[in-house]
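Peer 1: fold the following.
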Amino acid sequence: MRWALVKVCLAVTVMVVVAFAVPLGLVVQEMASDRAFSNAERQAATIGPTLSITTDPVQLRKAVESTQMGADRRMAVHVPAVGDSPRVDIGDGWAGERAVSEVRRIGRAATAPVAGGGFALLQPVALGSGDIAVVEILVPESEVSNGVATAWVVLAGVGLALVVGSVAVADRLGARLVRPAERLADAAHRLGEGRLGARVPEEGPKELRSAAVAFNSMADQVVELLANERELAADLSHRLRTPLTVLRLNAASLGDGPAAEQTRAAVEQLEREVDTIIRTAREQRPAGAQGPGAGCDASEVIRDRMGFWSALAEDEGREVRLAGVDRTVRIPVARPELAAALDAMLGNVFRHTPEGTPFAVDVHDAGDAVIVLVSDAGGGIADPDAALRRGNDGGRDGSTGLGLDIVRRVAESTGGDVRLGRSVLGGTEVRVWIALDGRARGESARTGRGRRKRRGHAAGRPA
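Peer 2: Numbering: from 1, shown residues only. Okay, the predicted model is just below:
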């Protein structure tokens, strides 16, 4: 559409320039010609008084040479034979005898082309005897076209400037119209790829602003619907775990026998089916939303979740250390996404370390990224790489194995990553690198890979 607007403006401007510049150039050319012939007529009229007084060749020659045209040898006088006086021709003729005779016959001025270029003005002058003399003035081509070339160049320059200016203005206007539409299309593609933080600035023409408002509203509704779906899946997990646990305990107390074994097998199958449903619901969710519309304050979310987990930590006698959450730290991750990742990491601490084991949560702002550390004083992880693989349950019954996978996908949605290693407390450290500029992790992240490999061989609990 942008190029179409430019082409339309170019065509209109060219037509306008041609419609005005060409006639104006022709007018300038005509004015130059009229100016040259008017000057020739004035010069021819200067010899008229002399011809009305005398036709003496000597006197006429002196009169001709006294004029500007005569001095430049551009004036000729043709006097016919009068009575006994012979014909008098002063100066060179350019038009020819036939043209002179024709002017003398019709009695009015005329022009005739000259072989060497230019024109000859033939002006009739009445003599005292009633006969007609003809004054001939040579008008060179340079005088006829004097200033015409310059005028055409100026008109061409003005026309070119108008065309260039109109194309530039049309391009800017086209960009102003097209850029919001391109941003809207790009945001739609990103939203279709699962990047739920895609939003469109509400600017541009009225129609595109309305489309941007509608798109942003739709994207917010999609984020809300997916968040509700994830909350429903998490709630389903909590709702079904308790009755399944009761069923397992009751089945264990049934003793031996075919009916008891069938009941226990049915309970185990039901637990597997529930795990499959939860895993499927979790894995179908898009990656963490990014962008200005889906960001959150990491410090505020961590404080909020720690308020939830601290009650359980107090019941189990766990010492909790929280650092780096006293200032605002914005990250391109939706609040539900970060909350789910924190719950997954803290849930692992409570599930896989003994009661009374201390743990810590630290937040560091590295400039181009934000690092969230969850560390504990437990036994560590025997195989960090296996713990990060999707769906790994660590060999534990009743686990969907999605905790660290949720954390990994949240980090990778921003261009970051997750690393496991040995913490300063002696147990496991989960380091979540959240990139702020959407690119791959920075130099500081690459320098930390070696430390993860050296510290990642701790023995202990599964992920």
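Peer 1: which sections of the stretch 351-463 of the chain are below the confidence cut-off?
Peer 2: Scanning the stretch 351-463 of the chain for pLDDT under 70 picks out 386, 388-403, 438-463.
Peer 1: what are the ranges of the strands in it?
Peer 2: Assigned by DSSP state E, counting those that start in this stretch, the stretch 351-463 of the chain shows strands spanning 359-365, 369-376, 417-422, 428-435.
Peer 1: state the mean pLDDT of the strand or helix carrying Ala260.
Peer 2: Assessed by DSSP states H and E, Ala260 sits inside helix 258-283. Average pLDDT, helix 258-283: 72.
Peer 1: next one: stretch 226-235
Peer 2: 70.
Peer 1: so Gly295 sits against Thr328, correct?
Peer 2: No: applying Cβ atoms under 8 Å as the test, Gly295 and Thr328 come out as separate, 11.2 Å apart. No exception for glycine: its C-beta is placed from N, CA and C like everyone else's.
Peer 1: of the two, who's got more company?
Peer 2: Using other Cβ atoms under 10 Å as the criterion, Gly295 and Thr328 rank with Gly295 on top: 18 against 10.
Peer 1: residue contacts, that one?
Peer 2: The contact partners of Gly295, by Cβ atoms under 8 Å, 6 or more residues apart in numbering, come to Gly197, Arg330, Ile331, Pro332, Val333, Ala334.
Peer 1: let me have the residues you listed in a markdown table, adding neighbour count as columns.
Peer 2: A markdown table is the format used below for the contacts of Gly295 (neighbours: other Cβ atoms under 10 Å):
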| residue | neighbour count |
| --- | --- |
| Gly197 | 24 |
| Arg330 | 15 |
| Ile331 | 28 |
| Pro332 | 23 |
| Val333 | 28 |
| Ala334 | 25 |
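Peer 1: make a markdown table out of those residues and add distance to Arg264 and pLDDT.
Peer 2: Below are the contacts of Gly295 laid out as a markdown table (distance: Cβ to Cβ, whole Å; pLDDT from 0 to 100):
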| residue | distance to Arg264 | pLDDT |
| --- | --- | --- |
| Gly197 | 46 | 82 |
| Arg330 | 51 | 90 |
| Ile331 | 46 | 91 |
| Pro332 | 47 | 89 |
| Val333 | 42 | 88 |
| Ala334 | 41 | 84 |
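Peer 1: closest to Ala4 out of the residues you listed?
Peer 2: Using Cβ to Cβ, Gly197 is the member of those that lies nearest Ala4, at 32.7 Å.
Peer 1: let me know the secondary structure of the closest one.
Peer 2: The three-state assignment at Gly197 reads coil, by DSSP: H, G, I helix; E, B strand; the rest coil.
Peer 1: hmm, back to that, closest one to Leu155 among the strands of the stretch 351-463 of the chain?
Peer 2: strand 428-435 (59.0 Å).
Peer 1: what's that closest one packed up against?
Peer 2: The contact analysis (3 or more Cβ pairs under 8 Å, 6 or more residues apart in numbering; DSSP states H and E) places strand 428-435 against helix 335-352, strand 369-376, helix 403-412, strand 417-422.
Peer 1: can you rerun that using 10 Å?
Peer 2: helix 335-352, strand 359-365, strand 369-376, helix 384-388, helix 403-412, strand 417-422, helix 443-447, helix 449-455 (3 or more Cβ pairs under 10 Å, 6 or more residues apart in numbering; DSSP states H and E).
Peer 1: and Val222, which of the ones you listed is closest to it?
Peer 2: Comparing the helices and strands packed on strand 428-435 by Cβ to Cβ, helix 335-352 comes nearest, at 12.9 Å.
Peer 1: could you give the angle of that closest one to strand 417-422?
Peer 2: Angle between the axes of helix 335-352 and strand 417-422 is 20 degrees (criterion: axes from the mean of the first three to the mean of the last three Cα atoms, to 10 degrees).
Peer 1: quickly note the distance from Ala211 to Ala251.
Peer 2: Distance, Ala211 to Ala251, using Cβ to Cβ, to the nearest Å: 58 Å.
Peer 1: try Asn146
Peer 2: 116 Å.
Peer 1: for Phe119, find the nearest of the helices and strands packed on strand 428-435.
Peer 2: Per Cβ to Cβ, nearest to Phe119 of the helices and strands packed on strand 428-435: helix 443-447, 83.7 Å.
Peer 1: ok so, going back, return the most buried member of the strands of the stretch 351-463 of the chain.
Peer 2: strand 428-435 (a mean of 26; mean count of other Cβ atoms under 10 Å).
Peer 1: tell me which helix or strand the closest residue to Gly107 other than its chain neighbours sits in.
Peer 2: Among residues not flanking Gly107 along the chain, Pro124 sits closest, at 5.5 Å (Cβ to Cβ, 6 or more residues apart in numbering). Element membership of Pro124 [criterion: DSSP H and E] is strand 119-126.
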